[in-house]
Every structure is written in structure tokens, then in C-alpha cells.
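*Asks:* Return atomic coordinates for the entry below.
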Amino acid sequence: MKKYLIALASASVAGGALAQSSLTLFGVVDAAVTYTRGSGDGSAHKTQLSNSGNMFSRLGFRGTEDLGGGYSANFWLEMGLQNDSAMGFPSNSNNQASGNGTAGVLSFNRRSTVSLAGPFGELRMGRDYVPAFWNTAIFDPFGTGSGIGANQIYFSGLGGLVAPTGTRASNSVGYLLPASLGGFYGQVMYAMGENDSTSVLPGTLVSNQRDGNHTGLRLGYQSGGLNIAIATGKTRYASGDLRVTNLGAAYTFGPSLMNLKLTSELYTESKGTTDAKGALIGFQLPIGVGEIKGSYARYRLEPAGAALKPTSSKLAIGYVHNLSKRTALYATIARISNSHGAAQALSGAITAPNRASSGTEFGMRHMF
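*Replies:* Numbers count the residues shown, from 1 in each chain. Below you'll find the model as predicted:
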């Protein structure tokens, strides 16, 4: 993403050293015409102008101050946009359903952090991505867009967009390893639900005191064409803790195979008495100024004591044509198949249990 430097200033600091500061405005505007359809009794079809089919639309500001000696102070403020309707997305104040903000209001819901970085790594505080989300974002060929090709595991899961900490956590303190560890990288996070510790009776804490407390860890290794990472996270809830673990891997072959990239992800999660498992395989193949990509994902719920395990499978194929480094046109087709009572459908459609849902999408994405 090309950066536009909109302000540059220098100021003296203790000892007479000079600290250089910068502020960068950045963003994505992405819109698509999407048609999705379901099948069976009670099914529904829908044609819509959607947003974020290739990348999530956003507007952000980030800045850094060089403190000298390899150290820097940084901030990052980023909001999600629904550019098809000029609306925003809510944030969350306490990692619980009760802390959800007002839908449609612009907020820095995507990220709001301040950090100190140096040879030791980076210490980051604020609202940030949970470690387990990154494997879904990086190892899915369709990235983090919300289009019809988006990750079936993530959007069908017990976490994902359902749980407040499926993607991000507020009130977090995180640490990221430095980039000088021979290909190894990692992140650890602790986020607070910030509930009162008031006792109902002397010596007895309320049952939801730890609701919204999140701990997460991600470790990975990247060298040459190989990238592999494992991540896990847990959010405390009185109704049942949300646990997520995933393993992602990708390998990029050299020029002889046109830089073909193969990806995969294994995913498990649980909340209360319900478990779920999923897997994804995919590819990305550059073709001239464009790229062909595809994925196949399978997701299965495993409710305790249930004879049937609702299962959904999704196949998606897409093409992205780059008009420039910042602007692209794209097209995607996708189909979801359901069995054992599952009724997952593509965005906007409704399908009957054990039936299929399909769709097409044509859009444009611009980064700045």
C-alpha cells in the first residue's frame, strides 16, 4: 500500500538529539455488485451493492517518532467503512456483548493503539487484533475481505464476527517479537474485560467478574518460500469460555512455477458445550498483471450429545486484475454446500437446511 506522507516535523529532545516525526493517512475503498441465492423452501435471493469484497474498506492514521538508538514511539488509529452506505462499524468497550457500540457510527474499531518499539520488539497498548486472527487473515487466499469468497471457517464460526474477541480485543496489552530472530516471529496479548470485582456476599465474587478477559499467543517461522504459524486464544465468559486454536502454513514456489502460492489452515474452537472444527486449502497464482486464487473450506459443528454434526463446505474461485499498484478490478464465484442440518448461505441469501447457496461478485478496490 503506497503511503502518503502528509506531515513531517522535527523537534529537539533531552540531550540535544533530534527526533523525527511522521503522520501517514491511508485507506481502502472497495465496492462490488453482489448476487447471492439460496435453495429450498423459504430460500431467498439478493442483489446488492456491497463493500469490502476484496479488502475491507477503511480509513486510518498512523504516526511514528524516531527516538534514536533504534527506538520509536508509534500510534495507529483505523476505522472500518461501509462505503456503499456511508456508514461505519461499532467498536466494543469491554470485549462483551454488553459493550458493543452503536451500529453505523464511525469509530476506530479496527485498531487504536500506541506503542514503543526497539531492538527488544514492540510493546503495544489499546484495541488490537488478537493473535489467533492473524492465521485466518494471512493463510486465506481471499484475505480479510467480507466478499463471497471470504473464509468459510471464520464467518461460520462460534467466534469470528459473533464473539467480541473473534477478531480484535479492547483494553489490550501486547508484545511482538523483534524482526531479528532468524525468521521466527510471535505475539502475546492480554486484554481486560474491566468488570467490577464487587462481591455479592463477603468473600464471594460475582460470576462474571472475568468476562471479556482474553489471553492469546502466536508463534511462527518464515524463511524462503515457507511460512508456518500456530496460534491460540481464550476469552473468559460466564456462559462458557471461547477457545480458538489454529495452525496455518503456506509455501511459495519460485519463478519456474510462476510464484505459485499454496496455503492451508486447520482450525478448532469451542464455546460452552459446543465444539467446532474446520480446514481450508487454497492457492494464489499470478498471471501477468492479475492473479487467480481459489479455496476450499470445510467447517463442522460438534454440539455435545448431538447425533448430527452440521457441516458446511465452500468452494470459491476469483480473479483480481491490477490496473495499477493501488487499483484493481475483481470477480468471484462461490458455492456453499450443507449437510446434517447446516444452513449456511452466502451474504444476503437464505437457504434451507441441507441445501446449497451460490453467488457471483464483481467489484473495484482502490488503496491510498
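*Asks:* counting contacts, what elements does the longest strand along the chain pack onto?
*Replies:* Ranked by number of residues, the top strand in the chain under DSSP state E is strand 18-37. Under the contact definition 3 or more C-beta pairs under 8 Å, 6 or more residues apart in numbering; DSSP states H and E, strand 18-37 sits against strand 4-12, strand 46-51, strand 58-68, strand 357-367. The way it works is simple: take the backbone N, C-alpha and C, and place the C-beta from them, glycine included.
*Asks:* what angle sits between that strand and strand 357-367?
*Replies:* Inter-element angle recorded for strand 18-37 and strand 357-367: 150 degrees (by axes from the mean of the first three to the mean of the last three C-alpha atoms, to 10 degrees).
*Asks:* Would you mark the buried spots in strand 18-37?
*Replies:* 19, 24, 26-32, 34-37 (16 or more other C-beta atoms under 10 Å).
*Asks:* Could you single out the nearest of those residues to residue 305?
*Replies:* The closest of these to residue 305 turns out to be residue 36 (C-beta to C-beta; 33.4 Å).
*Asks:* Identify the residues contacting that closest one.
*Replies:* Residue 36 sits next to 45, 46, 148, 345, 346, 347, 348, 349, 357, 358, 359 when contact means C-beta atoms under 8 Å, 6 or more residues apart in numbering.
*Asks:* Adding neighbour count, write these out as CSV.
*Replies:* Formatted as CSV, the contacts of residue 36 follow (neighbours: other C-beta atoms under 10 Å):
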residue, neighbour count
45, 16
46, 17
148, 29
345, 24
346, 30
347, 19
348, 19
349, 22
357, 30
358, 21
359, 26
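*Asks:* what mean pLDDT does the longest strand of the chain have?
*Replies:* Averaging pLDDT along strand 18-37 gives 91.
*Asks:* Name the strands paired with it and say parallel or antiparallel.
*Replies:* Pairing partners of strand 18-37, with direction, according to DSSP bridges: strand 4-12 (antiparallel), strand 46-51 (antiparallel), strand 58-68 (antiparallel), strand 357-367 (antiparallel).
*Asks:* Export only the CA atoms of the second one, formatted as PDB.
*Replies:* What follows is the C-alpha trace of strand 46-51 in PDB, where atoms were taken according to Å, rounded to 0.1, in the frame of the first residue of the first chain:
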ATOM      1  CA  LYS A  46     -30.500 -10.900  -3.100                       C
ATOM      2  CA  THR A  47     -28.800  -8.400  -5.400                       C
ATOM      3  CA  GLN A  48     -26.900  -5.700  -3.600                       C
ATOM      4  CA  LEU A  49     -24.100  -3.100  -3.800                       C
ATOM      5  CA  SER A  50     -21.800  -4.400  -1.100                       C
ATOM      6  CA  ASN A  51     -18.500  -3.200   0.200                       C
END
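*Asks:* what about the stretch 201-350 of the chain, any weak spots by pLDDT?
*Replies:* Low-confidence segments of the stretch 201-350 of the chain (pLDDT under 70): 201-207.
*Asks:* residue ranges for the strands of it, please.
*Replies:* With DSSP state E, counting those that start in this stretch as the criterion, the stretch 201-350 of the chain has strands at 204-205, 214-223, 226-235, 242-252, 261-271, 274-287, 290-303, 311-322, 327-339.
*Asks:* got JSON lines for the ones you listed, with distance to residue 181 too?
*Replies:* JSON lines is the format used below for the strands of the stretch 201-350 of the chain (distance: least, C-beta to C-beta, whole Å):
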{"stretch": "strand 204-205", "distance to residue 181": "40"}
{"stretch": "strand 214-223", "distance to residue 181": "9"}
{"stretch": "strand 226-235", "distance to residue 181": "14"}
{"stretch": "strand 242-252", "distance to residue 181": "19"}
{"stretch": "strand 261-271", "distance to residue 181": "23"}
{"stretch": "strand 274-287", "distance to residue 181": "26"}
{"stretch": "strand 290-303", "distance to residue 181": "30"}
{"stretch": "strand 311-322", "distance to residue 181": "33"}
{"stretch": "strand 327-339", "distance to residue 181": "34"}
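*Asks:* CSV for those strands, including distance to residue 91 and mean neighbour count?
*Replies:* Formatted as CSV, those follow (distance: least, C-beta to C-beta, whole Å; neighbours: other C-beta atoms under 10 Å):
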stretch, distance to residue 91, mean neighbour count
strand 204-205, 27, 11
strand 214-223, 15, 18
strand 226-235, 16, 20
strand 242-252, 19, 20
strand 261-271, 22, 20
strand 274-287, 26, 18
strand 290-303, 27, 19
strand 311-322, 29, 20
strand 327-339, 28, 20
